[in-house]
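J.: Okay, predicted coordinates and the sequence, questions at the end:
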Amino acid sequence: MSSVEAGLPDSNIEADALHLPVETPSQLMTVCLAGAPNAGKTALMNALTGGSFHTANYPGVTVTLSRGKSKAEFGPQVLLVDLPGVHSTSASSPEEELSCQVIEGRHRSVQPDALIVAVDATQLERHLRFASLVARQDKPTVIALTMMDLLPRTQQTVNVRKLEEAIGLRVVPVDGRTGWGSAELMSAVKIALAGPVTGLSALAKLPEEPVSAYKSIRELLAGSEALKNRNVFVLAEDSFTARVDRVVLHRFLGFPIFFAILVGLFSSIFWAARPFMDLIDWLFSRAGHLLLALLPESALSHFLAEGVVGGVGAVAVFFPQIVILFFLMTLLEDSGYLARGAALVDRPLSYLGLHGRSFVPMLSGFACAIPAVLAARTIPSRRERLLTIWILPLMSCSARLPVYALLLGALLPGAAWKAGLVLGMIYVLSLLTGALVAGLISRFILRKRSASMLAMEMPVYRKPLLKPTFRMTWSRSSGYLRRAGMPIVVISACLWLLSNFGLGSHQPVSAERSRSPLVTRSDLDHSFAAQLGQTMEPALHPMGVDWRVGVGLISAFAAREVFVSTMAIVFHVGEDQDSQQAGLLENMHTATFAGTNQRIFTTSTILGLIVFFFFSLQCLSTVAVVKSETNSWRMAGLQLLFYTGIGYLMSSALVVGLRMAGVN
Amino acid sequence: MLDKLNFIFIYTLVREEDMSLLDALHNRPYRVKGIDGPDDERRRLLDLGITPGEELAVVQSVPFGDPLVVMVRGMRLALRRREAAWIRLQ
């Protein structure tokens, strides 16, 4: 999981996409935060800026350049830039390459005046080796010693003073999660910035080559007595983490526990969110009615009430699910389990050409493809990242749920358990189809695979702190709202205009008006949307539906669930009907092709529609996010055509096939 | 023919002396002898602290036996079997 859109709306932190130049306000000094993955850098960033940030307990979480001003209470402000976690200077992923560029002063827009290196106190050797690469740049450098609270668990003691003497750099112990030590760290940074250049420190003089570097670090630490009781195997067998790992990674229990956690996650997404979703739905429909009642009757008031408020409602109704998903994912991530999940599924996924880290995006994809595409940033190899993004639209996202609910209600009237069973099958099938597509593509299209590496750190288990988890949940959820919200609102407003206005010349002749204007308000049957639907009707013939369903399918490009409300409009469900859903089902049941008594919604056409929604990428927000994440219109456009094309072909083939087999 | 058999015999002897991380018993410390593998991957493992002479132990294996969880320099590291095979032990 990445630091998806880190930063609250009111915070002073913003995440920049990798390819965007970062503008640095020239009057502020730039201080970059570097460190190996899992060094507690993101939590430190959070503490120093006072903004909401991710406290990562999952390898490679900070993959964009995030920046923020230091908190005012730490004196004169500096600009802090959080660099992606790096294992070494032989960078493998584009994010690591970016970090190396900044550290080595090769980046064109981020030029650090000073560097803070986050060093995990429980893994001094490894983290000091990275710090030595940073210190080599001969910029003012301060070491932030993190994870001090975990030292007793590893039965080690670190003497900070002796460590400072040994490496020749200022060392400040901090705890990013509570903010302890951050004031001292900032004053140390300021002293380093103001102080004279002292020449290379002992740390910077270490060799670059890893084998001798590690040897020298061990000698340095042993000689100075900075580190005591370096016994790594104390942790190996008896530690809390080892005991938990023995259960959750157990040969037989590992996968059942994994699936139980997933099922728990999904059921809370669907069941716990339900009351909140109903509440939000009710609130927005009340707000719409209220607007209509308060404002004078006009096209504008209808536009505001139905187009705008309705559009916002369409996004907001999924918000509880997104919040719950992010909350639980953040908990899993901070506890350390998510890395285990990734390790568990690495082998099956790598067989399909994916990576263990593809698991988090795929999981998010069942709630919404947009955060899922963002989460794919943590996958190190570009090929595996693109392949993951490619299959994400297949994961049965929650916007499909209302559509399936409606169609299954029409297909299997009065048999809730059957509908539930079919829905379950649809979810499993969407995962299997995603696996199939990934497997086929990696075997036949993206065949040239540069072998990727896993080499992923399994962080120690820690109890997640509630406050940072809530803050992170909020920052991720609001990021989703900003990202997905605008397109959906704009598109649904446009669709409202299209379905409520039409060419004046097409309107039924009214007695009081002799001359019709070019564009006028219109009922849906004579609107632009209807004309569009009628124009495309020949294309809908294989699917066995008429233009009204076509309008629904087009409107679903705003968001899939809009299909349901559009169907309610095109099949004239009245406001007076006590239940919209029941009224819609009744009207769908009796709907016939114009001028005939041939029913539209038969077994074959409903199944065809389900198949269409199963495959097609009816979500323009996803297309936009894929474009911005892959920086390629080709990828986004191809994906849209591929899935929508497959949906159309499969749906048509099914309907035609079923009809030939005698199923109407 | 005999030469060939002889070669295979000697080769197996040499191979047996040279055990990889895959042959390691769980929760036993071993000393790293060297690292094979393509340059980039080899460099990455070295950077992660898996250097010749360093002690490490396989502490956990995941269902399917892949990846392995290795404890090295205070870090738990998940390594695929393919990566573990490059690590030669004494």
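T.: Perfect, thanks for sending it. Predicted model, so just to flag it, every value in this text is computed and none were measured.
J.: Now do the strands in chain A.
T.: Assigned strands in chain A, in chain order: A:14-16, A:30-35, A:65-69, A:79-82, A:114-120, A:141-146, A:157-158, A:170-173, A:227-228, A:456-457, A:501-503, A:519-521 (criterion: DSSP state E).
J.: so which of those strands comes closest to chain B?
T.: Closest approach to chain B among those (CB to the nearest CB): strand A:456-457, 4.7 Å. Any C-beta I mention is one placed from the backbone N, CA and C, and that applies to glycine too.
J.: Quick one: list the elements packing against that closest one.
T.: helix A:337-344, strand B:75-79 (3 or more CB pairs under 8 Å, 6 or more residues apart in numbering or on different chains; DSSP states H and E).
J.: now the longest one: how far from the chain's centre is it?
T.: What that stands for is helix A:337-344. Centroid separation for helix A:337-344 versus its chain: 17 Å, with CA atoms, centre = their mean, to the nearest Å.
J.: export it as CSV, just CAs?
T.: Extracted as CSV, the C-alpha positions of helix A:337-344 are listed here (Å, rounded to 0.1, in the frame of the first residue of the first chain):
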residue,chain,number,x,y,z
TYR,A,337,0.4,-8.6,8.8
LEU,A,338,0.1,-7.1,5.3
ALA,A,339,3.7,-8.0,4.5
ARG,A,340,3.0,-11.6,5.6
GLY,A,341,-0.1,-11.6,3.3
ALA,A,342,2.1,-10.5,0.5
ALA,A,343,4.6,-13.2,1.2
LEU,A,344,1.9,-15.9,1.4
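J.: Show me what that helix is packed up against.
T.: Going by 3+ CB pairs under 8 Å, 6+ apart, helix A:337-344 lies up against helix A:240-248, helix A:254-267, helix A:319-335, helix A:359-365, strand A:456-457.
J.: so the longest helix anywhere in chain A versus helix A:319-335, what angle?
T.: Taking DSSP state H as the criterion, chain A has its longest helix at helix A:466-500. For helix A:466-500 against helix A:319-335, the angle by axes from the mean of the first three to the mean of the last three CA atoms, to 10 degrees is 150 degrees.
J.: For helix A:466-500, what does the pLDDT average out to?
T.: Average pLDDT, helix A:466-500: 76.
J.: buried residues in that helix?
T.: A:468-469, A:471-481, A:483-485, A:487-489, A:491-493, A:495-500 (16 or more other CB atoms under 10 Å in any protein chain shown).
J.: mind listing what's buried in stretch B:28-43?
T.: Of the residues in stretch B:28-43, B:30, B:32, B:35, B:37, B:41-43 count as buried by neighbour count, 16+ other CB under 10 Å.
J.: likewise stretch A:210-220?
T.: Under the neighbour-count criterion of 16+ other CB under 10 Å, stretch A:210-220 has A:210, A:213-218, A:220 buried.
J.: Looking at those, which two lie furthest apart in space?
T.: Greatest spacing in these, by CB to CB: A:210 and A:220 (15.2 Å).
J.: Spit out the contact partners of the nearest residue to residue A:184 once chain neighbours are set aside.
T.: In space, and not counting its chain neighbours, residue A:184 is closest to residue A:172: 5.1 Å by CB to CB, 6 or more residues apart in numbering or on different chains. Taking CB atoms under 8 Å, 6 or more residues apart in numbering or on different chains, we find residue A:172 in contact with A:142-145, A:181, A:184-185, A:188.
J.: Identify, from those residues, the entry nearest to residue A:615.
T.: Distance to residue A:615, by CB to CB, is smallest for residue A:144 among the contacts of residue A:172, at 49.1 Å.
J.: these two touch, right, that closest one and residue A:45?
T.: No - Residue A:144 is not in contact with residue A:45 according to CB atoms under 8 Å; the separation is 10.5 Å.
J.: Show me whatever sits in contact with both of the two.
T.: Joint contacts of residue A:144 and residue A:45 (CB under 8 Å, 6+ apart) do not exist.
J.: what pLDDT, on average, does stretch A:439-451 get?
T.: The average of the pLDDT scores along stretch A:439-451 is 79.
J.: Would you mind measuring from residue A:126 to chain B?
T.: Distance of residue A:126 to chain B, given as CB to the nearest CB, to the nearest Å: 5 Å.
J.: That residue: neighbouring residues, count only.
T.: Residue A:126 has 24 neighbours, counted by other CB atoms under 10 Å in any protein chain shown.
J.: correct me, but it touches residue B:75?
T.: Yes - between residue A:126 and residue B:75 there is a contact under CB under 8 Å: 6.2 Å.
J.: Could you pull up the residues touching residue A:655?
T.: If you count contacts by CB under 8 Å, 6+ apart, residue A:655 has them with A:542-544, A:604-605, A:607-608.
J.: Repeat the analysis, applying 10 Å as the threshold.
T.: By CB atoms under 10 Å, 6 or more residues apart in numbering or on different chains, residue A:655 lies in contact with A:541-545, A:602-609, A:611-612, A:663.
J.: Which residues does stretch A:278-292 contact?
T.: For stretch A:278-292, contacts defined as CB under 10 Å, 6+ apart pick out A:273, A:301-302, A:304-320, A:575, A:580.
J.: Filter these down to the ones in helices?
T.: A:301-302, A:310-316, A:319-320, A:580.
J.: Give me the buried entries from the residues you listed.
T.: Buried, going by 16+ other CB under 10 Å: A:302, A:310-316, A:319-320, out of those.
J.: Now tabulate these in JSON lines and tack on pLDDT and distance to residue A:194.
T.: Listed next are those as JSON lines, based on pLDDT from 0 to 100; distance: CB to CB, whole Å:
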{"residue": "A:302", "pLDDT": "82", "distance to residue A:194": "64"}
{"residue": "A:310", "pLDDT": "75", "distance to residue A:194": "58"}
{"residue": "A:311", "pLDDT": "73", "distance to residue A:194": "54"}
{"residue": "A:312", "pLDDT": "78", "distance to residue A:194": "50"}
{"residue": "A:313", "pLDDT": "78", "distance to residue A:194": "55"}
{"residue": "A:314", "pLDDT": "69", "distance to residue A:194": "54"}
{"residue": "A:315", "pLDDT": "70", "distance to residue A:194": "49"}
{"residue": "A:316", "pLDDT": "78", "distance to residue A:194": "50"}
{"residue": "A:319", "pLDDT": "82", "distance to residue A:194": "47"}
{"residue": "A:320", "pLDDT": "86", "distance to residue A:194": "50"}
